[in-house]
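**Student:** Okay, here's the prediction I keep looking at, along with the sequence it came from:
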Amino acid sequence: MWIFRHKEHSDGSFERHKARLVGDGKTQQVGVDCGDTFSPVVKLATIRTVLSIALSNAWPIHQLDMKNAFLHGELEETVYMHQPVGFRDPTHPDYVCLLKKSLYGLKQAPQAWYKRFADYVSSIGFTHSKSDHSLFIYRKGIDMTYLLLYVDDIILTTSSDDLRKSIMTLLNSEFAMKDLGPLSYFLGIAVTRHASSLFLSQKKYAEEIIERSSMSSCRPSATPVDTKPKLSATSTSPFKDPSLYRGLAGALQYLTFTRPDISYAVQQICLFMHNPMEVHMNALKRIVSYIKGTLDHGLQLYPSKPTTLISYTNADWGGCPDIRRSTSGYCVFLGDNLISWSAKRQATMSRSSAEAEYRGVANVVAESCWLRNVLLELHCQIRKATLVYSDNVSAIYLSGNPIQHQRTKHIEMDIHFVREQVARGHIFATT
């Protein structure tokens, strides 16, 4: 089928008409006319890390638009398609098309495009990041380039403007690309560069969420969540429109890319997407009303030397009123910039507050180790141990005490993992 749509600028104004021919991929069968369908996309923490490093080094940050990206992918399977409407051969109307290149709508199209792009950039000197497969790194002497790929959106930052032009010339020789100039709008995120900082905002997206929830005239809330009662899966009556709830919860989840202040509140409402109740919808509306009063909030990045990694973690104990599992959260700073955060319910029930806190420590240690590996591949090695702040003294003692006693045998894996990182000097736990 043909899909027609209007493409808009970052401020919502009309840019141009767009037409795209899309194949019907729902009839494909894995192993028959499609193989691998998964295509990696760059992690959000990686984007924030690269932007922080580029800002600290005063490197130019450009956004590239790949025209008809999926059409560059080469098919390995035999795929036939009906002749598209408006382009049928009048002498052979019953003939079908044998596709040589991937097409939008095919199950393997994202994977075919990613493989095509990754193979080419590797041929011109880029190396894959082992920590994030959608991060490509180029280094030659003192010249450095980072390339981030999110489906067909590309962020390119280089140590010099001449190197950027050289890389773009090579990419243009292989793909139809457009330089959109300095990074200003990426994945629905407005990027504003000031004299000494970078501000990431999703104001337009937040306004769309408010409009979708029919809360344009609501009174703003001072906080995104009520700290007294915990949400339960069995309270009150079922919400009459679960699809609306799920759509808004998913939209709020994406808004947390630049809004760590709503991360915990959104995590709480996402626990009940399978069977939302009226009380859950009220909690969701409170988040939306809070967003209405904080539309100008976002994530601010400053020039800060990427020499230290500092993490903070906390957890409640048995906070879920239904299954008594704990919720842990963390945030990680690279220099002065917040680059990673999370709020997540723990997979198992904790038998003590120390255990709940220690599982939270294990989560942030895993994230910190991954970020250290990313920074090492970016040639920004962290030489100091990562400070992990926790407010539980027992958890701190467990991270350094080599003695395993009866009360901690059931969390042996987390204990050994954290203790190993402390022993290596990569992590230092403190209050």
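**Tutor:** All right, it came through fine.

**Student:** does the residue of the chain most remote from its centre sit in a helix, a strand or a coil?
**Tutor:** Centroid-distance maximum for the chain: Thr91 at 49.8 Å, with Cα atoms, centre = their mean. When classified by DSSP: H, G, I helix; E, B strand; the rest coil, Thr91 comes out as coil.

**Student:** Now the element after the helix of greatest length in the chain, going C-ward?
**Tutor:** The longest helix of the chain (DSSP state H) is helix 353-377. Proceeding C-terminally, helix 353-377 gives way to strand 386-389 as the next helix or strand, assigned by DSSP states H and E.

**Student:** From the chain's centroid, how far away is that next one?
**Tutor:** Its chain's C-alpha centre and that of strand 386-389 lie 23 Å apart, by Cα atoms, centre = their mean, to the nearest Å.

**Student:** partners of it in the sheet?
**Tutor:** As defined by DSSP bridges, the strand partners of strand 386-389 come to strand 309-315 (parallel), strand 427-430 (parallel).

**Student:** so what's the residue farthest from the centre of the chain scoring on pLDDT?
**Tutor:** pLDDT recorded at Thr91 is 90.

**Student:** Point out the most buried one among the strands paired with strand 386-389.
**Tutor:** Compared across the strands paired with strand 386-389, strand 309-315 shows the largest average neighbour count, a mean of 22 (mean count of other Cβ atoms under 10 Å). In this view, the C-beta of every residue, glycine as well, is placed from N, C-alpha and C.

**Student:** ok, then the element right after that one?
**Tutor:** Using DSSP H and E, the helix or strand that follows strand 309-315 in sequence is strand 327-334.

**Student:** and the helix or strand containing Leu156, what other elements does it pack with?
**Tutor:** For Leu156, the enclosing helix or strand under DSSP H and E is strand 153-158. Judged by 3 or more Cβ pairs under 8 Å, 6 or more residues apart in numbering; DSSP states H and E, strand 153-158 is in contact with helix 44-56, strand 61-66, strand 143-150, helix 161-174.

**Student:** To Asp36, which of these lies closest?
**Tutor:** Distance to Asp36, taken as Cβ to Cβ, is lowest for strand 143-150 among the helices and strands packed on strand 153-158, at 16.8 Å.

**Student:** Distance from stretch 287-304 to the middle of the chain?
**Tutor:** 17 Å.

**Student:** For the closest residue in space to Gln381 that isn't next to it in sequence, grab the count of nearby residues.
**Tutor:** Residue nearest to Gln381 in three dimensions, not counting chain neighbours: Leu375, with 6.5 Å by Cβ to Cβ, 6 or more residues apart in numbering. Here the count is done by other Cβ atoms under 10 Å, and Leu375 has 19 residues near it.

**Student:** Against His82, how distant is Leu375?
**Tutor:** 50 Å (Cβ to Cβ, to the nearest Å).

**Student:** hang on, the earlier thing: Serialize the helices and strands packed on strand 153-158 to CSV and add fields for distance to Leu183.
**Tutor:** Putting the helices and strands packed on strand 153-158 into CSV (distance: least, Cβ to Cβ, whole Å) gives the following:
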stretch, distance to Leu183
helix 44-56, 8
strand 61-66, 4
strand 143-150, 10
helix 161-174, 12
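
**Student:** what's the closest of these to Thr327?
**Tutor:** Per Cβ to Cβ, nearest to Thr327 of the helices and strands packed on strand 153-158: helix 44-56, 19.9 Å.

**Student:** Summarise which helices and strands the closest one is packed against.
**Tutor:** Under the contact criterion of 3+ Cβ pairs under 8 Å, 6+ apart, helix 44-56 touches strand 61-66, strand 143-150, strand 153-158, strand 198-201, strand 299-301, strand 327-334, strand 337-345, helix 353-377.

**Student:** Take the ones you listed and lay them out in TSV including distance to Asn314.
**Tutor:** Listed next are the helices and strands packed on helix 44-56 as TSV, based on distance: least, Cβ to Cβ, whole Å:
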stretch	distance to Asn314
strand 61-66	33
strand 143-150	30
strand 153-158	32
strand 198-201	24
strand 299-301	20
strand 327-334	6
strand 337-345	10
helix 353-377	6
